[in-house]
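In: need coordinates for the following:
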Amino acid sequence: MPIVDNADRADILESGYVAGTRVIGTVQVEAKVGEVRLSFRQHLTIHNNGPGILYIGPEGVTVQNGRPLYPGATMDMAVGDLGIFLISNTSNNTAVIQELA
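Out: Below you'll find the model as predicted:
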């Protein structure tokens, strides 16, 4: 059986990884670690580490139109460089965010 060289590794996350914690309140914030998104970001993980519900969506997300992420839950998304935003139903919720490229 011939050996197959898998030279196309475009689906492998290997150029970057950052993780951090953000305080999420009642005003939307972008789901990112630091001041800017990770360059060439492909994947985003959000863990709700706070007491309130996080709501996830595009810019303009609200507690009425966002997808809820309950306390203790984690969400993984293939996002590319798409902006994802968070808002909470409490003033001091905490999210652990991981960006992978």
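In: name the helix or strand for the most centrally placed residue in the chain, please.
Out: For the chain, Leu44 is the residue whose C-alpha lies nearest the centre (CA atoms, centre = their mean; 3.8 Å). Per DSSP states H and E, Leu44 falls inside strand 43-48.
In: which residues of this protein score low on pLDDT?
Out: 1-14 (pLDDT under 70).
In: tell me what the residue nearest to the centre of the chain is bridged to.
Out: Counting by DSSP bridges, Leu44 forms beta bridges with Met77, Glu99.
In: what's the spacing between the residue nearest to Val27 when sequence neighbours are not counted and Ala101?
Out: Leaving aside its chain neighbours, Val27 sits nearest to Ile87 (6.9 Å; criterion: CB to CB, 6 or more residues apart in numbering). Glycine gets a C-beta too; all of them are placed from N, C-alpha and C. Going from Ile87 to Ala101 by CB to CB, to the nearest Å gives 25 Å.
In: more crowded one of these two?
Out: More neighbours surround Ile87 than the other of Ile87 and Ala101, with 22 against 17 (other CB atoms under 10 Å).
In: run through the bridge partners of the more buried one.
Out: Applying DSSP bridges, one finds that Ile87 bridges with Tyr55.
In: contacts only, for it.
Out: Applying CB atoms under 8 Å, 6 or more residues apart in numbering, we find Ile87 in contact with 24-29, 54-55, 61-63, 66.
In: now these in CSV, with distance to Ser39 and neighbour count?
Out: Output for these, formatted as CSV (distance: CB to CB, whole Å; neighbours: other CB atoms under 10 Å):
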residue, distance to Ser39, neighbour count
Ile24, 23, 28
Gly25, 27, 15
Thr26, 30, 14
Val27, 26, 8
Gln28, 23, 19
Val29, 20, 15
Leu54, 25, 29
Tyr55, 27, 21
Val61, 24, 20
Thr62, 29, 12
Val63, 31, 14
Gly66, 26, 21
